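J.: sequence unknown, structure follows:
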């Protein structure tokens, strides 16, 4: 009877767990459709209306309309949001969303989130802390269970569909196949640094390729999460990079076939030894990519200010050739940035989407990188990005991408190729409207 009762209770908890996430995923679908299917694009459940009325996809800017360039700190004050750290006084955004952008549905989704957060905070001042605690005891490394919990109830695509600019869960299968292809024994980091965007963090000293996440070691992680940081070294091995060393927590690992580590993982879903170090380094790569390259470099320092300044500067002549050239590169930047900052740092969504750090600690990290490693657009030029990092130019050639004997720096190769295409586009556009540099 005791076993039967325990079995019943376990099943009840399991169904309760999956049911909770089913409802959560269904609600996220409501947010998804309002934030992603903007004017002019057919919504999945309303294609007939789109065919009949054919709404404009790209509305023209209005002459004389301005967004008003303000600091992020001033924006927060005027919107009645909590004060931001002092460094937000030095970065700029737009106060208003242009009327020609589709903001109605986006604003509706944000209003739903506002109401949900207000209700949650009425029950607990930091509802996210409650959600994190409910993650214990943690999942075993059960891919099917994690897919079920994260996708069931979401109506727009399945976990293995490549759709709406999302790869879903396909990346897991891709990495698994590469691990088997190169017989890495379960070591994942070398595969990720060979073929993924994480390779943007690589440097080369002439002998080894390296990734150094040690600047993140000083930041305090959330309770229950491992410290960030660590380093790793790699060498080219045919068409991929092979990991030769990992460092984490003062311990170095050069062998990745430890029997005890393998048993801990396969029998108990436990990370130990080099596997623990590897996952901590991967988590650090995610944090560095999210917080520094994306939130800081793109949203805080470039995107919002770029749109607001462009719109206001050309308000008297929105059909100016330069204004029209820039339009696709600035569209909806302020809309995304302003609301994202509220969700990430006022509502603390950053704590489960960007890095295992408190929102306050993440803001501290961003400010540290602003001060110690300021953004340089010249250094982001893909023509010199690799040179500054000691990378061999041959790794970014067509030959390296197709040869089984040479590692190809795929991320940089693609970024460089796209940048060159943009350069051709800009030169073509300007030559159509201006006869000389003096005319520009």
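T.: Thanks, I have the structure now. Remember, it's a predicted structure, so these values are computed and weren't measured experimentally.
J.: list the helices and strands the host helix or strand of residue 421 packs on?
T.: According to DSSP states H and E, residue 421 maps onto helix 410-433. Judged by 3 or more C-beta pairs under 8 Å, 6 or more residues apart in numbering; DSSP states H and E, the packing partners of helix 410-433 are helix 321-330, helix 382-388, helix 398-402. No exception for glycine: its C-beta is placed from N, CA and C like everyone else's.
J.: Go again with 7 Å.
T.: With contacts taken as 3 or more C-beta pairs under 7 Å, 6 or more residues apart in numbering; DSSP states H and E, helix 410-433 sits against helix 321-330, helix 382-388.
J.: Of all the ones you listed, which one comes closest to residue 289?
T.: Counting by C-beta to C-beta, residue 289 lies closest to helix 382-388 out of the helices and strands packed on helix 410-433; the figure is 15.2 Å.
J.: which stretches of the stretch 101-250 of the chain aren't confidently modelled?
T.: 127-139 (pLDDT under 70).
J.: actually the stretch 301-440 of the chain, sorry about that
T.: Judged against pLDDT under 70, the stretch 301-440 of the chain has no low-scoring part.
J.: ok, residue 346 - contacts?
T.: With contacts defined as C-beta atoms under 7 Å, 6 or more residues apart in numbering, the neighbours of residue 346 are 81-82.
J.: Distance of residue 401 relative to residue 381?
T.: 21 Å (C-beta to C-beta, to the nearest Å).
J.: So for these two, which residue has more residues nearby?
T.: Comparing residue 401 with residue 381 by other C-beta atoms under 10 Å, the one with more neighbours is residue 401, at 17 against 13.
J.: Wait, that one touches residue 409, no?
T.: No - using C-beta atoms under 7 Å, residue 401 is not in contact with residue 409; the gap is 9.0 Å.
J.: residues near the nearest residue to residue 323 once chain neighbours are set aside, how many?
T.: Distances taken as C-beta to C-beta, 6 or more residues apart in numbering place residue 314 nearest to residue 323, at 3.8 Å, with adjacent residues excluded. Residue 314 has 19 neighbouring residues, counting by other C-beta under 10 Å.
J.: For residue 325, see how far away residue 314 is.
T.: Counting by C-beta to C-beta - residue 314 and residue 325 are separated by 11 Å.
J.: which ones are touching residue 271?
T.: Counted by C-beta under 7 Å, 6+ apart, residue 271 has contacts 265, 279.
J.: Could you number the chain from 4 rather than 1 from now on?
T.: In the new count, where the first residue is 4, that last one comes out as residue 274.
J.: does it sit in a helix, a strand or a coil?
T.: coil (DSSP: H, G, I helix; E, B strand; the rest coil).
J.: Settle this for me: the residue nearest to residue 326 is touching residue 327, isn't it.
T.: No - if you go by C-beta under 7 Å, residue 317 and residue 327 don't touch, sitting 9.0 Å apart.
J.: so what's residue 34 up against?
T.: Counting by C-beta under 7 Å, 6+ apart, residue 34 has contacts 112, 115.
J.: try 10 Å
T.: 109, 111-113, 115-116, 119 (C-beta atoms under 10 Å, 6 or more residues apart in numbering).
J.: That one: helix or strand, and which one exactly?
T.: Going by DSSP H and E, residue 34 is part of helix 5-39.
J.: coming back round to it: which residues make contact with the helix holding residue 424 from outside it?
T.: Outside helix 413-436, the residues touching it (C-beta under 10 Å, 6+ apart) are 196-205, 242, 323-325, 327-329, 331-332, 383-386, 388-389, 392, 394, 396, 398-401, 403-404, 412, 440, 442-443.
J.: Likewise for stretch 177-190?
T.: 146, 170, 191, 193-195, 197-199, 240-246, 249, 256, 259-261, 264-265, 268-269, 277-278, 281.
J.: re the thing from before, the helix holding residue 424 vs helix 324-333, what angle?
T.: Using axes from the mean of the first three to the mean of the last three C-alpha atoms, to 10 degrees, the direction of helix 413-436 lies 160 degrees away from that of helix 324-333.
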